[in-house]
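Visitor: Sequence plus predicted model, see below.
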Amino acid sequence: MLYCYAFLGDFVLLYPVYALLFSDAGLSSWEISSLFALWSATGVVLEVPSGAWADAVSRRLLLALGPLLTAAGFALWVLLPSYGAFALGFLLWGAGGALGSGALEALVHDELGRLGAAERYAHVMGRVRAAGLVGVVAAMGLAGPVFALGGYPAVGAGSVLACLLAAVTATRLPEGRTPTQAEESWAVTLRAGLAQVRAERSVRGALLLVPAVGAVWGALDEYAPLLVRGTGVPDGTEPYLLLLIWAGATAGGLLSGPCARLGRTGLAALLAAAALALAFGAALRTPAGLVLVALAFGGFQLATVLADARLQARIDDARRATLTSVASLGTDLSTVAVYGAYAAVSSASSHATAFLWAALPYLVTALFLRVRG
């Protein structure tokens, strides 16, 4: 059921076309980036409180509520396509994502621990991420024909249905921990979690690594359709070329099990190689260059899962969702900065140039890992 939940949560037919929907509605690059920034800002406001809430109540409940909010946002997009509706939709999507962020990782780790298999966390979460990406890939494969049949309303209806099914699936997830076992309020849980970050250097380092690895490529995936369109391919073929990029990211998630013991030097090498693949792939500005972009996304996905596993290994069960959400907060804040930088670069040059420059933070992170650990 866990993999089914991850698949349905990302089986969103709007994924490969919503940036195009915004563009076709007359929005500029700055307006589109402002929507993405609003999405992340919603996570910034709700991320940590929702994580603390997940430590104080049922994590399964929050995983069921999140997709319902997202479904409402998608419905607004296709029923009232305008900047205001897009903004409100992102607010709902951001709130839904915040409810699940931290709660999912904590539930998986706790259930594995209850079964005496906590060491399999990276393997299981790699498969969870891969299942989500398979959902993205499947959605991209279907988005083209569905869009051809019914346009944006058809892909919007399919996305809403997937979210509703995800909410139903969440109610079937196992949860040995019950709300009555969490006697602290969410505010007390939050303070205790932050105290652990201040007191333990290894926790701080693992927590900072999560946004350093996940923020940039997590922002770039929103612009991937525009990068593909910039290669000169005919309109309507973008979803099929996006399949290539997300197939690479899926492969990266599946490799997290075999690579779970990758050390600091190995992780630094992985980030550097992925960064170079991203830079050269974007610089080619051709469909062939998307192969390198796909390899880069695979490397970044693998590094993201490994960074999360390093964090989970260093925090205690009672504060797990809280500190995972703190790491996600760092990712959200960094992502907002990436959106602004991307808008500035792409407006002055091109989407390919913005992707090329996005490789630089990963090279810096790789160097820092190699030198400082």
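Guide: Perfect, I can see it now.

Visitor: now what about the helix or strand hosting L271, what contacts it?
Guide: Element membership of L271, judged by DSSP states H and E, is helix 264-284. With Cβ atoms under 8 Å, 6 or more residues apart in numbering as the test, helix 264-284 has contacts from 213, 217, 227, 259, 262, 289-300, 302-303, 306-307, 352-353, 355-356, 358-360, 362-363, 365-367, 369-370, 373. C-beta here means a position set from N, CA and C on the backbone, and glycine is covered the same way.

Visitor: hmm, which of those residues are the buried ones?
Guide: Among these, those that count as buried by neighbour count (16 or more other Cβ atoms under 10 Å) are 213, 217, 227, 259, 262, 289-300, 302-303, 306-307, 352-353, 355-356, 358-359, 362-363, 365-366, 369.

Visitor: How about the contacts made by the closest residue to S50 other than its chain neighbours?
Guide: Leaving aside its sequence neighbours, S50 sits nearest to A98 (Cβ to Cβ, 6 or more residues apart in numbering; 4.5 Å). Shown in contact with A98 (Cβ under 8 Å, 6+ apart): 42-43, 46-47, 50, 66, 325.

Visitor: Those into JSON lines, with extra columns for distance to A19 and secondary structure?
Guide: Below are the contacts of A98 laid out as JSON lines (distance: Cβ to Cβ, whole Å; DSSP: H, G, I helix; E, B strand; the rest coil):
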{"residue": "T42", "distance to A19": "18", "secondary structure": "helix"}
{"residue": "G43", "distance to A19": "19", "secondary structure": "helix"}
{"residue": "L46", "distance to A19": "24", "secondary structure": "helix"}
{"residue": "E47", "distance to A19": "23", "secondary structure": "helix"}
{"residue": "S50", "distance to A19": "26", "secondary structure": "helix"}
{"residue": "G66", "distance to A19": "22", "secondary structure": "helix"}
{"residue": "S325", "distance to A19": "27", "secondary structure": "helix"}
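
Visitor: for stretch 81-93, which positions count as buried?
Guide: Going by neighbour count (16+ other Cβ under 10 Å), the buried part of stretch 81-93 is 81, 85-93.

Visitor: Which single one of these is nearest to L149?
Guide: P81 (18.4 Å; Cβ to Cβ).

Visitor: Which pLDDT value goes with that closest one?
Guide: pLDDT recorded at P81 is 87.

Visitor: With G373 instead?
Guide: 57.

Visitor: Give me the below-cutoff pLDDT ranges for the stretch 201-350 of the chain.
Guide: 235-236, 317-318 (pLDDT under 70).

Visitor: hmm, 80 instead?
Guide: Across the stretch 201-350 of the chain, the ranges flagged by pLDDT under 80 are 201-203, 222, 233-240, 246, 257, 259-261, 315-322, 325, 328-329, 332.

Visitor: where do the helices sit along it?
Guide: For the stretch 201-350 of the chain, the helices defined by DSSP state H, counting those that start in this stretch occupy 201-229, 238-254, 264-284, 289-312, 320-348.

Visitor: who are the neighbours in contact with V17?
Guide: Counting by Cβ under 8 Å, 6+ apart, V17 has contacts 143, 147, 152, 155, 225, 238-239.

Visitor: just to revisit the earlier point, which of the helices of the stretch 201-350 of the chain is buried the deepest?
Guide: Among the helices of the stretch 201-350 of the chain, helix 289-312 has the highest mean neighbour count (mean count of other Cβ atoms under 10 Å), at a mean of 24.

Visitor: Only the C-alpha atoms, please, for that helix, written as PDB.
Guide: Taking Å, rounded to 0.1, in the frame of the first residue of the first chain, the C-alpha atoms of helix 289-312 are listed here in PDB:
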ATOM      1  CA  GLY A 289      21.300  16.600 -24.400                       C
ATOM      2  CA  LEU A 290      18.200  15.600 -22.400                       C
ATOM      3  CA  VAL A 291      19.900  12.200 -21.900                       C
ATOM      4  CA  LEU A 292      22.600  13.800 -19.800                       C
ATOM      5  CA  VAL A 293      19.900  15.800 -17.900                       C
ATOM      6  CA  ALA A 294      18.200  12.500 -17.200                       C
ATOM      7  CA  LEU A 295      21.400  11.000 -15.800                       C
ATOM      8  CA  ALA A 296      21.900  14.100 -13.700                       C
ATOM      9  CA  PHE A 297      18.400  13.800 -12.300                       C
ATOM     10  CA  GLY A 298      19.100  10.200 -11.500                       C
ATOM     11  CA  GLY A 299      22.200  11.200  -9.500                       C
ATOM     12  CA  PHE A 300      20.400  13.900  -7.700                       C
ATOM     13  CA  GLN A 301      17.500  11.600  -6.700                       C
ATOM     14  CA  LEU A 302      19.900   9.000  -5.400                       C
ATOM     15  CA  ALA A 303      21.800  11.600  -3.400                       C
ATOM     16  CA  THR A 304      18.500  13.000  -2.000                       C
ATOM     17  CA  VAL A 305      17.400   9.600  -0.700                       C
ATOM     18  CA  LEU A 306      20.900   9.000   0.800                       C
ATOM     19  CA  ALA A 307      20.900  12.400   2.500                       C
ATOM     20  CA  ASP A 308      17.500  11.700   4.100                       C
ATOM     21  CA  ALA A 309      18.700   8.300   5.300                       C
ATOM     22  CA  ARG A 310      21.700   9.900   7.000                       C
ATOM     23  CA  LEU A 311      19.400  12.300   8.800                       C
ATOM     24  CA  GLN A 312      17.000   9.500   9.900                       C
END
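
Visitor: Among the contacts of V17, find me the one that's closest to A19.
Guide: Checking the contacts of V17 against A19 by Cβ to Cβ gives P225 as the nearest, at 4.8 Å.

Visitor: Skipping its backbone neighbours, what lies nearest that closest one in space?
Guide: For P225, ignoring the flanking residues on the chain, the nearest one in space by Cβ to Cβ, 6+ apart is A19 at 4.8 Å.
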